[in-house]
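**Student:** Turn this into a model:
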Amino acid sequence: MAYVVPADSQAVVTVKKKAQSSRSWVLFDSTGETTLLDIDKYAIMHRVNIHARDLRILDPLLSYPSTILGRDRAIVLNLEHIKAIITSEEVLLRDPSDEYVVPVVQELQRRLPPVNAIRQGQDYMGGQNDVEAGDEDESPFEFRALEVALESICSFLAARTLELESAAYPALDELTSQISSRNLDRVRKLKSAMTRLTARVQKVRDELEQLLDDDDDMADLYLSRKLAGASPVSGSGAANWYPASPTIGSKISRASRASIATVRGDENDVEELEMLLEAYFMQIDGTLNKLTTLREYIDDTEDYINIQLDNHRNQLIQLELFLSSGTVCISVYSLVAAIFGMNIPYTWNDNHGYMFKWGLVGS
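**Tutor:** Reported below is the predicted structural model:
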């Protein structure tokens, strides 16, 4: 008789925990506080209210192109190694211990805190005007986080392009002066690296260009404005969800004022984001132009090398033709010697023995 052994509940829980793989995230809030998180994808989806298909874009095991997606309450950002989720109040950045992500973490810690966070030591009457002046020049939280990500990826790709240029141009010049298997293999590797880097830069450029071409997509990135549009507004124009504080006027940022303008009918104004995206679009386009120039230089070098090889090939063909002509000339004398050397009776050979001697001497 067979018995069914009940499964160990502790083992089942362990298997389930392993199945729900946890990922390392770092959380930046609007005050500049940093918190390390080790949570699974379901907790992330519940926290920022996005779908699984959007979170799948940030999976490093899957190959997704560079993407900037605007959702109701979050911006899903996938730019090479920068994989983040930006809301109106916090930023979730994936794999903060990665060597390429560490500079991004440091830049976010430096630039995310609002201007008035560093002026809390000032008294109310003396510092209020300065704080308000700083707030006038302060962008929405999501735009500051997006700007850090765009600046980091553009600088990263520009640095990789500069490294490639510094290695490629000397290698191409050396190959031009001396064609060898070593130089050819070196240039081949550099050309492969350039092709891969060009594809990466092109993906980022295409994503920025697509955003700039669609005002609706840019409007979806105004998270603070959409949040204010969904909140009740008082008759005086101040949103009711602002915390009550004697310094409330000094803490309303430019993003909040833009949010109130949304309720009044300015929801189609995307000028601020458009200027931000255009600046980094020009930077990434300049990087792509450098790679295009490098590709043209490689193509010109290949054409020059092919011309040199064709020239050497023509010289070999001329030499071969000269040797063939010489062989034909020599074969004529060999024919004469062969005729006289054959054991065939000739009528003209009678009484003309001297002909053999002269023919032998001529051959």
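
**Student:** Am I right that I305 falls within a strand?
**Tutor:** No. I305 sits outside any strand when classified using DSSP: H, G, I helix; E, B strand; the rest coil, being helix.

**Student:** Surely it and S177 touch.
**Tutor:** No. Counting by CB atoms under 8 Å, I305 does not reach S177; the two are 11.0 Å apart. C-beta coordinates here come from the backbone N, C-alpha and C atoms, glycine included.

**Student:** so where do the helices sit in this structure?
**Tutor:** 9-19, 41-48, 52-56, 102-111, 124-136, 141-177, 181-213, 215-219, 223-229, 248-251, 254-263, 271-341, 354-362 (DSSP state H).

**Student:** I'd like those laid out as a markdown table, including mean neighbour count and distance to G70.
**Tutor:** Shown next, in a markdown table, are the helices of the chain (neighbours: other CB atoms under 10 Å; distance: least, CB to CB, whole Å):
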| stretch | mean neighbour count | distance to G70 |
| --- | --- | --- |
| helix 9-19 | 9 | 31 |
| helix 41-48 | 15 | 13 |
| helix 52-56 | 13 | 11 |
| helix 102-111 | 15 | 20 |
| helix 124-136 | 14 | 24 |
| helix 141-177 | 18 | 10 |
| helix 181-213 | 16 | 9 |
| helix 215-219 | 15 | 6 |
| helix 223-229 | 22 | 8 |
| helix 248-251 | 15 | 26 |
| helix 254-263 | 20 | 15 |
| helix 271-341 | 13 | 10 |
| helix 354-362 | 11 | 97 |
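
**Student:** Relative to I86, which of those is closest?
**Tutor:** helix 141-177 (4.7 Å; CB to CB).

**Student:** Can you spell out which helices and strands pack onto that closest one?
**Tutor:** strand 75-79, strand 82-86, helix 102-111, helix 181-213, helix 223-229, helix 254-263, helix 271-341 (3 or more CB pairs under 8 Å, 6 or more residues apart in numbering; DSSP states H and E).

**Student:** Who are the packing partners of the fifth one?
**Tutor:** Read that as helix 223-229. Using 3+ CB pairs under 8 Å, 6+ apart, helix 223-229 sits against helix 141-177, helix 254-263.

**Student:** Need phi/psi at the nearest residue to A219 once chain neighbours are set aside.
**Tutor:** In space, and not counting its chain neighbours, A219 is closest to V270: 5.6 Å by CB to CB, 6 or more residues apart in numbering. Note on V270: backbone dihedrals following degrees, to the nearest 10 are phi -120, psi 30.

**Student:** burial measure for V270, as a count.
**Tutor:** 22 (other CB atoms under 10 Å).

**Student:** so it sits right up against M218, yeah?
**Tutor:** Yes. Assessed by CB under 8 Å, V270 is found in contact with M218 at 4.2 Å.

**Student:** so where's the stretch 251-363 of the chain uncertain?
**Tutor:** Along the stretch 251-363 of the chain, segments meeting pLDDT under 70 span 251-268, 336-337, 339-363.
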